[in-house]
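# for reference, the sequence and a predicted model appear below.
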Amino acid sequence: MTENFTGNFTQQLPIPEEGIAAALDVMRSGRLHRYNLAPDELGEAAALEREFAAYTGAKYALAVASGGYAMATALRAIGVKPGDHVLTNAFTLAPVPGSIAAVGAVPVFVGVTESLTIDLEDLKAKAGQASVLMLSHMRGHLADMDSLMQICGDAGITVIEDCAHTMGAAWNGRPSGRDGVIGCYSVQTYKHMNAGEGGFLVTDDDDIMARAVMLSGSYMLYGRNGTVPDEAAFAEAKYQTPNMSGRMDNLRAAILRPQLAQLDVSCAAWNDRYRTVEDGLRDTPGLRVIERPAAERYVGSSIQFLLLDWSDADIAEALARCAARGVELKWFGGAEPSGFTSRYDSWRYAPSEPMPASDRVLKGIIDMRLPLTFSLEDCALIARIIRAEIGAVWQAAG
Ligand SMILES: *Cc1c(COP(=O)(O)O)cnc(C)c1O
């Protein structure tokens, strides 16, 4: 009998009861805005900032409206101006080039390797074209951060990290987001904490933080934020920095705090699922799993594999066969952007030189979410289905 999978790839866990109770308290108080506080009240947004700063080991954390907003704010806070060029990954999602375009800057795409990380050779080759790198740890794959920081240091490139898929991850023990001058995170529903929408930035730099806080819309109430530099950092910033409101409210912060307390437990649960699928897929003919470096502590909230040099028709056939058995795979290499996937050449507002080696990799990237609502048995079944269907198409193709 053919086994089918009947689970839902977009079903998240519920918000922890503690978060629901805290959200109800915020609503009962009526004080939803982060600066609308009772005397001596810290507020949920400020408390969350302190806790997130402590979690990442950063001096400062700012809770904002989205991950994309965090990235655009980071670019503004380091002084990126309209017309400036900003290096970024060719393999990423639309909010990343979008954040660069949001400040009027121009994305310069850097290629992707078969490990699904930024191509450090291509980065070196393009290092003279920009003084900022918006580094996207796309789908949680961390590049060799020691080499990357060396290259950028030598070239005088400021690094901002997009950690939408690496909240809870680390390279050689350093939490993701802490190598760059600013780390940006998302708490959109499909990331590692779920607020529906939201984000953070973290930094150790007093002046950058002062500008980011002003940009986010703190008015002269910045002292009420959870982690704030000394008054001296605001001396100029408070007059010079435009307000581009994008604060996080107390309601979303309330549902995030218990999730942050459990984040490491969630990450371990994701990795159990990831390894179950990975084990089930390894050595499938025609399919390449992405081997993870020992220095990388990853969070397997999704899994990718490569169908390298497959024809478009065979990839489409394999995906259709998996879908018919309930397994939803996404194809980053499809010529037309669809769902959440798109390629660098779909972002026509940011034209790029062609990158044939990257195109070959992108064309073969297959992606699957691993929500925590899946059991380990679900994951083993999913792997058996992929293995059987991909194997069948591979064999038929000879
Ligand atoms: C989700 C995501 C972001 C941020 O997205 P928002 O929806 O703005 O929070 C940034 N980069 C990547 C790679 C993402 O997947």
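Received it, and whenever you're ready, just let me know what you need.

# and the stretch 101-250 of the chain, which of its residues are near the ligand?
136, 138, 162, 164-165, 186, 188, 199 (CB under 6 Å from any ligand atom). C-beta coordinates here come from the backbone N, C-alpha and C atoms, glycine included.

# taking those together, which two end up most distant?
Met138 and Gly199 (16.3 Å; CB to CB).

# between these two, who's got more neighbours?
Neighbour count, other CB atoms under 10 Å: between Met138 and Gly199, Gly199 has more, with 27 against 24.

# let me see the contact set for the residue in the stretch 201-350 of the chain positioned nearest to the ligand.
Relative to the ligand, the nearest point of the stretch 201-350 of the chain is Phe340 (7.6 Å; CB to the nearest ligand atom). Residues near Phe340 by CB atoms under 8 Å, 6 or more residues apart in numbering: 93-94, 330.

# neighbour-wise, which of those residues leads?
Of the contacts of Phe340, with other CB under 10 Å as the count, Leu93 tops at 21 neighbours.

# starting from the host helix or strand of Arg257, tell me the next helix or strand along the chain.
Arg257 is part of helix 250-261, with elements assigned from DSSP states H and E. The helix or strand immediately downstream of helix 250-261 is helix 263-281, counting by DSSP H and E.

# run the chain-centre distance for that following helix.
Centroid displacement of helix 263-281 relative to its chain, using CA atoms, centre = their mean, to the nearest Å, is 17 Å.

# in its sheet, what does the following helix or strand past it sit against?
Later in the chain than helix 263-281, the nearest helix or strand by DSSP H and E is strand 288-289. When pairing is defined by DSSP bridges, strand 288-289 lines up against strand 302-306 (antiparallel).

# name the residues that touch the partner strand?
114, 116, 139-141, 165, 274, 277-278, 281, 287-290, 361, 364-370.

# for stretch 82-91, same thing?
Contact partners of stretch 82-91, identified using CB under 8 Å, 6+ apart, comprise 75, 80, 96-97, 100, 103-112, 116, 118, 123, 126-127, 129-136, 138, 157, 332, 343-344, 352, 355, 358, 361-362, 365.

# is the ligand contacted by it?
No: Stretch 82-91 stays clear of the ligand (CB under 6 Å from any ligand atom), getting no nearer than 8.6 Å.

# quick one: mean pLDDT over that stretch.
Mean pLDDT, stretch 82-91: 98.

# which positions within it qualify as buried?
Residues 84-91 are the ones in stretch 82-91 that count as buried (16 or more other CB atoms under 10 Å).

# start to end distance for it?
One end of stretch 82-91 sits 23 Å from the other (CA to CA, to the nearest Å).

# next: stretch 7-25.
34 Å.

# per-residue confidence for the spatially most central residue of the chain?
The chain has Ala164 as the residue nearest its centroid, 1.6 Å off, counting by CA atoms, centre = their mean. Ala164 is assigned a predicted lDDT (pLDDT) of 98.

# ditto for Thr158
98.

# after the helix or strand hosting Gly68, next one along is what?
Using DSSP H and E, Gly68 sits in helix 67-77. Per DSSP H and E, the first helix or strand lying C-terminal to helix 67-77 is strand 85-89.

# direction included, what does that following strand pair against?
Sheet pairing of strand 85-89 (DSSP bridges) gives strand 106-110 (parallel), strand 132-136 (parallel).

# now find how far off-centre the first one is within its chain.
Spelled out, that is strand 106-110. Distance of strand 106-110 from the chain centroid (CA atoms, centre = their mean) equals 18 Å.

# what of the last one?
Computed by CA atoms, centre = their mean, the chain-centroid distance of strand 132-136 equals 12 Å.

# now stretch 215-234
26 Å.

# ok, now stretch 91-102?
11 Å.

# one more: stretch 155-170?
That offset, for stretch 155-170, works out to 9 Å (CA atoms, centre = their mean).

# and it, which residues are buried?
Neighbour-count burial for stretch 155-170 flags 155, 157-170 (criterion: 16+ other CB under 10 Å).

# how about stretch 98-108?
In stretch 98-108, counting by 16+ other CB under 10 Å, buried: 98-103, 105-108.

# all strands of the stretch 101-250 of the chain, in order?
Using DSSP state E, counting those that start in this stretch, the strands of the stretch 101-250 of the chain run over 106-110, 132-136, 158-162, 170-171, 174-175, 182-186, 199-203.

# now those strands in TSV, with distance to Lys59?
Formatted as TSV, the strands of the stretch 101-250 of the chain follow (distance: least, CB to CB, whole Å):
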stretch	distance to Lys59
strand 106-110	29
strand 132-136	20
strand 158-162	16
strand 170-171	18
strand 174-175	13
strand 182-186	12
strand 199-203	7
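
# report how many residues lie close to the closest residue to Gly196 other than its chain neighbours.
Nearest residue to Gly196, sequence neighbours excluded (CB to CB, 6 or more residues apart in numbering): Thr189, at 5.8 Å. Number of residues near Thr189 (other CB under 10 Å) recorded here: 13.

# okay, Thr189: pLDDT?
97.

# ok, now the one 5 residues further on?
In the predicted model, Asn194 carries a pLDDT score of 98.

# you'd agree it is up against Ile15?
Yes: between Asn194 and Ile15 there is a contact under CB atoms under 8 Å: 6.9 Å.

# quick one on the thing from earlier: show me the contacts for the residue nearest to the centre of the chain.
For Ala164, the contacting residues are 67, 93, 95, 136-137, 184-186, 188, 191, by CB under 8 Å, 6+ apart.
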